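Enquirer: show me how the following folds:
(one chain, ligands or ions: 1)
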Amino acid sequence: MSTSESSGQDQAGFAAAAAAGIHRLAVPTPFAVGRVNCYLIEDEPLTLIDTGPNSGKSLDELEQALATHGHAVEDLELIVITHQHMDHLGLLEILARRSGAEVAALHLLEPYLARFPENQAADDDFSQAIMRRHGIPADMVTVLGGIGSAFRAFGSRGKVTRRLHDGEVLRLRDRSFSVLHRPGHSPSDTIFWDQERRMLIAGDHLLAHISSNPLISRPLGGVTDGERPHALIQYIESMQATRQLPIDLALTGHGDPIHDHVALIDERLRLHRRRAEKILRMLEPAPLTAYEIALKMWGNVAVTQAYLTLSEVLGHMDLLARDGLVRERDNGDVVRFEAAG
Ligand SMILES: [Zn+2]
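Expert: Next comes the predicted model:
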């Protein structure tokens, strides 16, 4: 299997994982992020963490990667899903059907995955409403909606047969993982901590080379109190909790493992503080929409990145609002933010 296009160059990190029976399988995705890391755990039951997206190419490469370790899809006994994004779960339905494996995921994901296409459509409607409220031009929202539905086929529905809860222990023959819910990047982010080996399966909660974006997502369970989810505030709380864990190696959903999660988290927290300060200065002359702030921060970003950057700006607005430094001004149509000083 070629790994040339993945950033997985950290041979020592992956070798340490392999010595513990955990093999990284880098599966291609059609997304800007590049390959997704699935992990095969040679234990009882034989376990696969995440599946890769729903495509023939991904399935083909996943099967080849399993074969290099002497396994086939049919051998899988347990599939664990780290979070709700389609690059991590798109092959779930196919793999579960072929293997008969048990499927374990955070309890919140059970209804979400059972009706995945419907939930994806509702998520897209939710993000389009957020974009319009925060000043993204209507024609751009339409284009983004089209891109969203074009990619939807890379996901799939799936049946969760074992619902996991925050704080419980997932036991295999040779190891135990503490199941920890760490929302922020997505509402369902779940990490798996092997306390004995000081190893973490991190999903996209932490990534070594790119800041893991706290996307504004429709709350799971469909409960909306009219308020926008505060993804960055939630994400910072989640990172602070993870910072406390003794970990030597964190295996991530994309790219290389993390050896010093404390340094990485501290760097991310510093970055968020600096960005919030920068945005606050932008608001001094006049109130701005989140989209106008994003344009000032990143220029005319690629259309496909618009929701990402909007989520980022809104996250910082939530931080500043919490500290009493900005206020929202809602004209019933578009929301503007103003400095409260
Ligand atoms: Zn993700």
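
Enquirer: count the neighbours of the residue in the stretch 151-300 of the chain positioned nearest to the ion for me.
Expert: For the stretch 151-300 of the chain, the residue closest to the ion is D204, as judged by C-beta to the ion, at 3.7 Å. Just so you know, the C-beta spots here come from the backbone N, C-alpha and C atoms, and that holds for glycine as well. Counted by other C-beta atoms under 10 Å, the residues lying close to D204 total 26.

Enquirer: ok, T304 next?
Expert: When neighbours are counted by other C-beta under 10 Å, T304 comes out with 14.

Enquirer: equivalent analysis for Q11, please.
Expert: Neighbours of Q11 (other C-beta under 10 Å): 10.

Enquirer: could you list every residue that touches it?
Expert: Residues counted as contacts of Q11 (C-beta atoms under 8 Å, 6 or more residues apart in numbering): none.

Enquirer: by contact count, what packs against the helix or strand of the chain with the lowest mean pLDDT?
Expert: Lowest by mean pLDDT, DSSP states H and E among the helices and strands of the chain is helix 138-151, with a mean of 86. Other elements packing on helix 138-151 under the criterion 3 or more C-beta pairs under 8 Å, 6 or more residues apart in numbering; DSSP states H and E are helix 116-133, helix 306-322.

Enquirer: contact partners for T252?
Expert: T252 makes contacts with N37, A202, G203, D204, L206, L207, A208, I258, as judged by C-beta under 8 Å, 6+ apart.

Enquirer: most neighbours among those, which one?
Expert: Neighbour counts for these, by other C-beta under 10 Å, peak at G203, which reaches 30 neighbours.

Enquirer: beta partners of that residue?
Expert: Beta bridges link G203 to T252 when assigned by DSSP bridges.

Enquirer: any idea which of the helices and strands packed on helix 138-151 is most buried?
Expert: Mean neighbours per residue, mean count of other C-beta atoms under 10 Å, is largest over these for helix 306-322, with a mean of 22.

Enquirer: for the ion, what's its nearest residue on the stretch 51-200 of the chain.
Expert: For the stretch 51-200 of the chain and the ion, the shortest gap (C-beta to the ion) falls at H85, measuring 3.5 Å.

Enquirer: next one: the residue nearest to I216 when sequence neighbours are not counted from H165, what distance?
Expert: Using C-beta to C-beta, 6 or more residues apart in numbering and skipping residues adjacent in sequence, the residue nearest I216 is S311, 4.5 Å away. Computed with C-beta to C-beta, to the nearest Å, the distance linking S311 and H165 is 27 Å.

Enquirer: residues in contact with A153?
Expert: Contacts here follow C-beta under 8 Å, 6+ apart; on that basis A153 touches N54.

Enquirer: tell me the pLDDT of it.
Expert: Each residue has a pLDDT score; the one for A153 is 87.

Enquirer: and the gap between it and S55?
Expert: For A153, the distance to S55 (C-beta to C-beta) stands at 8 Å.

Enquirer: and if you look at A26?
Expert: A26 sits at a distance of 15 Å from S55 (criterion: C-beta to C-beta).

Enquirer: higher neighbour count, these two?
Expert: Neighbour totals were compared for A26 and S55, and A26 leads with 24 against 17 (other C-beta under 10 Å).

Enquirer: which helices and strands does the helix or strand where D87 lies pack with?
Expert: Taking DSSP states H and E as the definition, D87 sits inside helix 86-89. Using 3+ C-beta pairs under 8 Å, 6+ apart as the contact test, no helix or strand touches helix 86-89.

Enquirer: what does the stretch 151-300 of the chain have sitting close to the ion?
Expert: D204 (C-beta under 5 Å from the ion).

Enquirer: low-confidence bits of the stretch 151-300 of the chain, can you list those?
Expert: By pLDDT under 70, the low-scoring segments of the stretch 151-300 of the chain are 212, 222-226.

Enquirer: from what I can see F151 touches D87, true?
Expert: No: here F151 lies out of contact with D87, judged by C-beta atoms under 8 Å, at a distance of 9.7 Å.

Enquirer: look at those two and report which has more neighbours.
Expert: Shown here are F151 and D87; by other C-beta under 10 Å, D87 has more neighbours (26 against 17).
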